[in-house]
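> Would you be able to build a 3D model of this:
(one chain, ligands or ions: 2)
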Amino acid sequence: MTKEAPAGASFVPVPRIFPLPPPPLLPGPDLPHGAHCNLDRQGEPGMTTVYKFGGASIQDAAAIRHLGEVLATTRERPLVVVVSAMGKTTNALEALLAAARSDDDRDYRSRLDELRSAHLATVDALFGDRKATVAERVEALFEELDHRHRTHRREPRPFHYDQTICFGELLSTTIVAAWLNASGTATDWHDARELIVTDAHHQAANIDWQATGAKVRSLDLGSGRLLITQGFIGGTPDGVSTTLGREGSDFSAAIFAHCLGAGELVIWKDVPGLFNADPRRFDNAVQLQRLSYDEAIELAWHGAKVIHPKTLAPLREQGIPLKVRSFEELGAPPSVISAEGASAATPAFILAEEQALLELRPRDFSFMDEARQHDILGRLVEAGVHANLIDSGATRLSLCLDAHPTRLEPLVEALAADYALERHDDLTLLTVRHPTEPLVEALSGNREILAERRNRDTAQRLFHSRECSETWHIPEGR
Ligand SMILES: Nc1ncnc2c1ncn2[C@@H]1O[C@H](COP(=O)(O)OP(=O)(O)O)[C@@H](O)[C@H]1O
Ligand SMILES: N[C@@H](CC(=O)OP(=O)(O)O)C(=O)O
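Ligands and ions are numbered 1, 2, ... in the order given. Next comes the predicted model:
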């Protein structure tokens, strides 16, 4: 579906189906292994560039205007622009979902009105007197969102979630596409739910790479077109909306880049690039100019918020370079992640907040053997909970998990029924890549260590958050 401007009321109708149990993973990308990366690929005629803009880069009218200027001046064409929901809209939609499911109609109405007003205020600030058509589309999307909440609120949460949370990206791309067209940058809007084909594993849908590849490659990218679409969302072959996991827009952009054999993927951020630690938490973090895919995957996997961990593998398989660039300082040199990037053993630091530690012991004085570990880890998989640190002893298994209430609480309840369980909350996990002993010791200071793990490349320590300050400092000369 290609439109000069999106029509809010024409999204795929949602058949009343119930979610299937998670099927086995669909086959991965069917492309040559280890294809060589060429940093000049983007200069080759006909090669597509993919850009991804996250919530921060379209958080309000001023940010959208700035995005318009960036796209008007950039020379890369054809260009696919993948966009997330505005600012913290996805969090607000999750709160709206909770209100819808709890039958608190007043809370639901006030949250819906607040979201609608915020989006309409952006439309007003951008279009002024010429806002009528866009405002109508935005209103139509909110009507449809409300309708879906009323239709699905008694259905299983993951299914209800995907039918409603996708509206954050549908709204943002509707507004951004309209702004680009109005400000002279011709843009085609596409519904990613018709392009990114997934299974029905709601909230963490698996990509059907073959079907997605065929759809994405059939897009008209000729004569230097600019195409805008949503990150984070997909659809089943029968038109049911799905999502790819929180913060999954980076992954969406990588899927487009992979399927199109793009020259490069550029992720535009509110920081100049990828640093050796979150520059907002470490006062002496330094930017990493060149990095290998493997090292970037490790950083993302261990929780470096700047890139979604699933983003790198589809790029690595085709040798597509990933640039992390600042949308605030356009002249700042980006970080480039590629096959040629250094795998240097430079220490890097990751803080994961809101962690919970579970210490499990068998109730029957037996060992924490493979059978029990298999049982416990299997339950984690079923609950969709990732363990950030696993450590075991003869009669103990310690797990450090994201304290995600809707997933963690039912899991804890089920585990407590069968194991002796001790729980600690409000924890911070520090991960150090390429650690030295003095470095880890200096960073730990006098804090109590609730759990730790270490292998050749990575050290992890778990602290009480109350003992951790907001700002950290990387010890020098260690
Ligand atoms: N190693 C790192 N390098 C750069 N930024 C990081 C790193 N770790 C965490 N961050 C944080 O990631 C933020 C950008 O990611 P995010 O907020 O998810 O962007 P978006 O929503 O625009 O995709 C930065 O503001 C920064 O605080
Ligand atoms: N909007 C979704 C997807 C996403 O990737 O957002 P962002 O690019 O702003 O992190 C989320 O918040 O999870």
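> and the gap between Ile376 and ligand 2?
Counting by CB to the nearest ligand atom, to the nearest Å, the gap between Ile376 and ligand 2 amounts to 28 Å. (Glycine included, C-beta is placed from N, CA and C.)
> What is the neighbour count of that residue?
21 (other CB atoms under 10 Å).
> Next, the contact list for it, please.
360, 397, 399, 415, 419 (CB atoms under 8 Å, 6 or more residues apart in numbering).
> now with 10 Å?
358, 360, 368, 387, 390, 392, 397, 399, 411, 415, 418-419 (CB atoms under 10 Å, 6 or more residues apart in numbering).
> Mind checking which of these land in helices?
Of the contacts of Ile376, the ones assigned to helices by DSSP state H are 411, 415, 418.
> Just the buried ones out of those residues, please.
Among the ones in helices among the contacts of Ile376, the ones that count as buried by 16 or more other CB atoms under 10 Å are 411, 415.
> Let me have the ones in helices among the contacts of Ile376 in TSV, extended by distance to Ala63.
Shown next, in TSV, are the ones in helices among the contacts of Ile376 (distance: CB to CB, whole Å):
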residue	distance to Ala63
Leu411	38
Leu415	43
Asp418	49
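> sorry, back to before: ok, of the contacts of Ile376, which one's closest to Leu170?
Leu170 lies nearest to Leu411 out of the contacts of Ile376, by CB to CB, at 31.6 Å.
> Show me where this structure has its helices.
Going by DSSP H, the chain shows helices at 61-73, 89-101, 105-127, 132-152, 157-165, 167-182, 209-217, 249-260, 293-301, 312-318, 370-383, 405-418, 437-444.
> Get me the contact residues on the stretch 101-250 of the chain for ligand 1.
Contact residues (CB under 6 Å from any ligand atom) of the stretch 101-250 of the chain with ligand 1: Glu247.
> now with 8 Å?
Within the stretch 101-250 of the chain, the positions near ligand 1 by CB under 8 Å from any ligand atom are 247, 249-250.
> Buried among these? Make that a PyMOL selection.
The buried residues among these can be selected in PyMOL (16+ other CB under 10 Å) with this line:
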select buried, resi 247+249+250
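> Leaving out chain neighbours, which residue sits closest to the residue of the stretch 101-250 of the chain at minimum distance from ligand 2?
Nearest residue of the stretch 101-250 of the chain to ligand 2 (CB to the nearest ligand atom) works out as Ser249 at 3.2 Å. With sequence-adjacent residues excluded and distances taken as CB to CB, 6 or more residues apart in numbering, Ser249 is closest to Gly231, at 2.4 Å.
> got the residues of this structure near ligand 2?
Within the chain, the positions near ligand 2 by CB under 8 Å from any ligand atom are 52-56, 84-85, 88-91, 165, 168-169, 231-232, 243, 245-252, 308.
> Does stretch 262-274 reach ligand 1?
Yes - Stretch 262-274 reaches ligand 1 (CB under 8 Å from any ligand atom) through 267-271, 273-274.
> Which positions within that stretch qualify as buried?
For stretch 262-274, by 16+ other CB under 10 Å, it's 262-269, 271-274.
> so can I have a markdown table of the residues you listed showing pLDDT?
Below are the buried residues of stretch 262-274 laid out as a markdown table (pLDDT from 0 to 100):
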| residue | pLDDT |
| --- | --- |
| Ala262 | 96 |
| Gly263 | 96 |
| Glu264 | 96 |
| Leu265 | 98 |
| Val266 | 97 |
| Ile267 | 97 |
| Trp268 | 96 |
| Lys269 | 94 |
| Val271 | 93 |
| Pro272 | 91 |
| Gly273 | 93 |
| Leu274 | 94 |
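> What I need now is those written out in JSON lines, including distance to Ala211 for each item.
Converted to JSON lines, those look like this (distance: CB to CB, whole Å):
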{"residue": "Ala262", "distance to Ala211": "19"}
{"residue": "Gly263", "distance to Ala211": "24"}
{"residue": "Glu264", "distance to Ala211": "25"}
{"residue": "Leu265", "distance to Ala211": "21"}
{"residue": "Val266", "distance to Ala211": "26"}
{"residue": "Ile267", "distance to Ala211": "25"}
{"residue": "Trp268", "distance to Ala211": "28"}
{"residue": "Lys269", "distance to Ala211": "30"}
{"residue": "Val271", "distance to Ala211": "35"}
{"residue": "Pro272", "distance to Ala211": "37"}
{"residue": "Gly273", "distance to Ala211": "34"}
{"residue": "Leu274", "distance to Ala211": "32"}
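> where does the stretch 351-478 of the chain have low pLDDT?
Across the stretch 351-478 of the chain, residues meeting the criterion (pLDDT under 70) sit at 478.
> related to what we said a few turns ago, need the buried ones from the contacts of Ile376 selected in PyMOL.
A single PyMOL command selects the buried members of the contacts of Ile376 (16+ other CB under 10 Å):
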select buried, resi 358+360+368+387+390+392+397+399+411+415+419
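> Show me how the record splits the protein into domains.
Domain segmentation of the chain under automatic domain parsing yields 40-269, 348-467.
> one step back: of the residues of the chain next to ligand 2, buried ones?
Buried residues within the residues of the chain next to ligand 2, counting neighbours by 16+ other CB under 10 Å: 52-56, 84-85, 89-90, 165, 168-169, 231-232, 243, 247-252, 308.
> How far away from the center of its chain is stretch 83-101?
14 Å (CA atoms, centre = their mean, to the nearest Å).
> Give me the mean pLDDT for it.
The average pLDDT for stretch 83-101 rounds to 96.
> ok so, going back, mind checking which of the buried residues of stretch 262-274 land in strands?
264-269 (DSSP state E).
> And the residue nearest the centre of the chain, how close does it get to Ala300?
With distances taken as CA atoms, centre = their mean, the residue of the chain nearest its centroid is Glu247 (1.8 Å). Separation of Glu247 from Ala300 (CB to CB, to the nearest Å) stands at 10 Å.
> Now do the shared contacts for those two.
Common neighbours of Glu247 and Ala300 (CB under 10 Å, 6+ apart) are 307-311.
> any chance of those residues in TSV, plus pLDDT and distance to Leu450?
Putting the shared contacts of Glu247 and Ala300 into TSV (pLDDT from 0 to 100; distance: CB to CB, whole Å) gives the following:
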residue	pLDDT	distance to Leu450
Ile307	93	28
His308	93	27
Pro309	91	24
Lys310	95	29
Thr311	96	31
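> For the residues you listed, give me JSON lines that also has distance to Tyr108.
Shown next, in JSON lines, are those (distance: CB to CB, whole Å):
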{"residue": "Ile307", "distance to Tyr108": "34"}
{"residue": "His308", "distance to Tyr108": "30"}
{"residue": "Pro309", "distance to Tyr108": "33"}
{"residue": "Lys310", "distance to Tyr108": "32"}
{"residue": "Thr311", "distance to Tyr108": "34"}
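> are any of those residues buried, and which?
Judged by 16+ other CB under 10 Å, buried ones among the shared contacts of Glu247 and Ala300: 307-311.
> hmm, back to that, closest one to His473 out of the residues of stretch 262-274 next to ligand 1, please.
Val271 (18.1 Å).
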